[in-house]
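Trainee: sharing a sequence plus its predicted fold:
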Amino acid sequence: MSQPFLIYNTLTRQKELFKPLTPDHVGMYVCGPTVYGDAHLGHARPAITFDVLFRYLTHQGYKVRYVRNITDVGHLEHDADEGEDKIAKKARLEQLEPMEVAQYYTNRYHEAMDRLNVLRPSIEPHASGHIIEQIELVQKILDAGYAYVSNGSVYFDVNKYAADTKQYGRLSGRVIDEMLSTTRQLDGQEEKRNTADFALWKKAAPEHIMRWNSPWSIGFPGWHTECTAMGTKYLGEMFDIHGGGMDLMFPHHESEIAQQTSVTGHGPCHYWMHNNMITIEGQKMGKSLGNFITLDEFFNGSHINPKDGKEMLAKAYSPMTIRFFILQAHYRSTVDFSNDALLAAEKGYSRLMQAFKTLRSLQPSKASSIDVKGYRQLCYDAMNDDMNTPIVISHLFDAAKAINTVNDHKATLTKEDIDELTSLFQTFVFDIMGLRDEASTDNTALIDGLMQMILDVRATAKANKDWTTSDKIRDSLGQLGIAVKDGKDGATWELK
RNA sequence: GGUCGUUUGGCCGAGGGGUUAGGCACAGGUCUGCAAAACCUGCUACUCCGGUUCAAAUCCGGAAGCGACCUCCA
């Protein structure tokens, strides 16, 4: 908390000094997944971005309440599936209860996020569990005069709101007049006074499975009410940070602001943060484009491109490779998926982990020949500049190089400096960026002992120039996925 | 069509008026029984055209390419 932390606020389009509304406390809301399919690489981006923010704020000493919702009510679909809820549609296809589908994909989402070492949020509210709150919100907007009932559905009066507040479009940089002429024909359009109006409550068609009672009709809540209702319930009418993907800026977040402002006179939060998209072959990876690769597919190393039937993944990529890959780009930049980029990330991640392992085996000297005390501040500076994790990583690579130089006896470090580096890695690599050493297991001590014994035997063989035995040991270990590396001070090993 | 953003070396990706980003790959070297790793050295780029400036990849103007949003989407 002592150092100024700048974050880019989408609302003002500039970096601003972060200052919580309540001293020492931070309220943060991030739009979570709609649970009707497996999480793909695109879902990992906001999860990891805001996980790092959550971790960093916590590290700075704030008490953070992090709310990330689960959307299990579903949104409207267009075209042939007019008015049908996405989850309901899937449920019918699979002959499952809608809530069963939602639960299944929620579990799958949790599993994938756990593997990515994404911390669970403080509260993970479900839209379906907050229908009453959403109905109350709609009623308040009606009472305020910014909504109207039409054929059992309730719509937000964007025109009136825009005229009164001059706010609509501020977040996304949109001009209301232009929107009126460009909005496409959608379901329920004839019920609206204006094409730009959006649904707050939707009357359910007879075949619609997910439905709730309300003062207006049996139906379901509109596209944007859950975040407003649940954000208010758990974080208050005004909280610190609201995050999500850039593609949610409009209409989702713009509408959230409108809903909240029409009731309270102000938007829901102080800072709006948006992560950029992950692209594949230059295009946004998205469910609707059908060009997404699920996280499980990355972990298992197989994804067939539906267009040409070709395998897209050169190999399996571990969760930490994915995490490192995402952290190597700034969260507001697009990042393009490619096997080359992932392969490079994998090696880079491994190099960092290996350096940390080497660090723990360094022999301290009486004096340090290199200065390693500056890295910490450089890393903080990078984090404080709108969470610039690529810069943090570049400094950590510098530190890794220093560690390796010392290991090669080309430089020396005192015990104090070695401890400082250990603490640096612990803080930034593990605590803040949330990486973990995938090679380590619960049996670390046992394996270390066994490996030491095996390497001793091999060292004896080598001393006797018994290359047959020494190579056999190395080859056998290699087959088990253990690489043996001979150095000046004897052999070391590493899981491949 | 409208709004916004982006264009960096073989690849990924920071930065952002004068100073080495970093990683991966590649080449040479040190070490080594061999290999791997590590270390050293090399490769030094900013789409194009104008302008401002002592100085522009960085600022301004224009063009082109690419992308996002305008519709559910992370």
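Mentor: That came through, no problem.

Trainee: what's the domain layout of chain A?
Mentor: Split into domains by automatic domain parsing, chain A comes to A:6-275, A:279-432, A:444-495.

Trainee: can you tell me which of the ones you listed is packed in deepest?
Mentor: domain A:6-275 (a mean of 19; mean count of other C-beta atoms under 10 Å). To be clear about C-beta, it is placed using only N, CA and C from the backbone, and glycine gets the same treatment.

Trainee: which residues in the stretch 51-200 of chain A form strands?
Mentor: Applying DSSP state E, counting those that start in this stretch to the stretch 51-200 of chain A gives strands spanning A:63-68, A:147-150, A:153-156, A:198-203.

Trainee: out of the ones you listed, which is closest to RNA strand B?
Mentor: The closest of those to RNA strand B is strand A:198-203. By C-beta to the nearest atom of the strand, the value is 6.9 Å.

Trainee: moving C-terminal of the closest one, what's the next helix or strand?
Mentor: The element immediately downstream of strand A:198-203 (helix or strand, assigned by DSSP states H and E) is strand A:219-221.

Trainee: which residues touch that following strand?
Mentor: Applying C-beta atoms under 8 Å, 6 or more residues apart in numbering, the external contacts of strand A:219-221 come out as A:73-74, A:85, A:127, A:131, A:134-135, A:138, A:152-153, A:200-204, A:208, A:210-212.

Trainee: please tell me how far residue A:146 sits from residue A:100.
Mentor: 37 Å (C-beta to C-beta, to the nearest Å).

Trainee: in the stretch 101-250 of chain A, which residue sits nearest RNA strand B?
Mentor: Per C-beta to the nearest atom of the strand, residue A:245 is where the stretch 101-250 of chain A lies closest to RNA strand B, at 1.8 Å.

Trainee: could you give the bridge partners of that residue?
Mentor: When assigned by DSSP bridges, residue A:245 has beta-bridge partners residue A:275.

Trainee: select the longest helix from chain A.
Mentor: In chain A, assigned by DSSP state H, the helix with the most residues is helix A:339-360.

Trainee: pLDDT (mean, whole number) over the helix or strand just after that helix?
Mentor: Later in the chain than helix A:339-360, the nearest helix or strand by DSSP H and E is helix A:374-384. Across helix A:374-384, the average pLDDT comes to 94.

Trainee: how about helix A:374-384 against RNA strand B, any contact?
Mentor: No. If you take C-beta under 7 Å from any atom of the strand as the test, helix A:374-384 misses RNA strand B, and the best it gets is 7.7 Å.

Trainee: dump the C-alpha coordinates for that helix into CSV.
Mentor: The C-alpha atoms that make up helix A:374-384 are tabulated as CSV, following Å, rounded to 0.1, in the frame of the first residue of the first chain:
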residue,chain,number,x,y,z
GLY,A,374,17.7,-3.7,-7.3
TYR,A,375,15.4,-6.4,-8.8
ARG,A,376,12.7,-6.2,-6.2
GLN,A,377,12.0,-2.5,-6.7
LEU,A,378,12.1,-2.9,-10.5
CYS,A,379,9.5,-5.7,-10.2
TYR,A,380,7.3,-3.5,-8.0
ASP,A,381,7.7,-0.6,-10.4
ALA,A,382,6.5,-2.8,-13.2
MET,A,383,3.6,-4.2,-11.3
ASN,A,384,2.6,-0.7,-10.2
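
Trainee: now do that helix: distance to the chain's middle.
Mentor: Computed by C-alpha atoms, centre = their mean, to the nearest Å, the chain-centroid distance of helix A:374-384 equals 22 Å.

Trainee: give me the helices and strands touching that helix, please.
Mentor: With contacts taken as 3 or more C-beta pairs under 8 Å, 6 or more residues apart in numbering; DSSP states H and E, helix A:374-384 sits against helix A:389-407, helix A:415-424.

Trainee: and the angle for the first one with helix A:339-360?
Mentor: Translated: helix A:389-407. On the basis of axes from the mean of the first three to the mean of the last three C-alpha atoms, to 10 degrees, helix A:389-407 is oriented at 50 degrees to helix A:339-360.

Trainee: check whether helix A:389-407 comes near RNA strand B.
Mentor: Yes. Helix A:389-407 lies within reach of RNA strand B by C-beta under 7 Å from any atom of the strand, at A:390, A:391, A:393, A:394, A:397, A:398, A:400, A:401, A:404, A:405, A:407.

Trainee: quickly find the element holding residue A:485.
Mentor: strand A:482-487.

Trainee: whoops, residue A:46 was the one
Mentor: Following DSSP H and E, one finds residue A:46 within helix A:41-59.

Trainee: go on, residue A:476?
Mentor: Residue A:476 is part of helix A:467-479 when elements are defined by DSSP H and E.

Trainee: does that helix reach RNA strand B?
Mentor: Yes. Applying C-beta under 7 Å from any atom of the strand, one finds helix A:467-479 touching RNA strand B at A:467, A:470, A:471, A:474.

Trainee: contact partners for residue A:373?
Mentor: Counting by C-beta under 8 Å, 6+ apart, residue A:373 touches A:417, A:420.

Trainee: quick one, what contacts residue A:252?
Mentor: Contacts here follow C-beta under 8 Å, 6+ apart; on that basis residue A:252 touches A:31, A:223, A:224, A:227, A:244.

Trainee: ok but it is inside a helix, no?
Mentor: Yes. Under DSSP: H, G, I helix; E, B strand; the rest coil, residue A:252 sits within a helix.

Trainee: ok, the residue in the stretch 251-400 of chain A positioned nearest to RNA strand B to residue A:140 distance?
Mentor: Residue nearest to RNA strand B within the stretch 251-400 of chain A: residue A:348 (2.7 Å; C-beta to the nearest atom of the strand). As for residue A:348, its distance to residue A:140 is 51 Å (criterion: C-beta to C-beta).

Trainee: one more: residue A:31?
Mentor: Look at residue A:31 and residue A:140: by C-beta to C-beta, they are 22 Å apart.

Trainee: might one say that residue A:238 is in contact with residue A:271?
Mentor: No. Here residue A:238 does not reach residue A:271: they are 11.4 Å apart, not a contact under C-beta atoms under 8 Å.

Trainee: shared neighbours of the two, anything?
Mentor: Counting by C-beta under 8 Å, 6+ apart, nothing touches both residue A:238 and residue A:271.

Trainee: in chain A, what helix or strand scores lowest on average pLDDT?
Mentor: Lowest on mean pLDDT, DSSP states H and E among the helices and strands of chain A sits helix A:176-182, with a mean of 58.

Trainee: what does the stretch 301-450 of chain A put close to RNA strand B?
Mentor: Counting by C-beta under 7 Å from any atom of the strand, the residues of the stretch 301-450 of chain A close to RNA strand B are A:328-330, A:333-336, A:338, A:340-341, A:343-345, A:347-348, A:351, A:354, A:385, A:388, A:390-391, A:393-394, A:397-398, A:400-401, A:404-405, A:407-408, A:410.

Trainee: could I get the helices and strands packed on helix A:374-384 as JSON lines with mean pLDDT?
Mentor: Formatted as JSON lines, these follow (pLDDT from 0 to 100):
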{"stretch": "helix A:389-407", "mean pLDDT": "94"}
{"stretch": "helix A:415-424", "mean pLDDT": "95"}
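
Trainee: what about residue A:392, distance to residue A:114?
Mentor: 23 Å.

Trainee: equivalent analysis for residue A:158, please.
Mentor: Taking C-beta to C-beta as the measure, residue A:158 and residue A:114 are separated by 40 Å.
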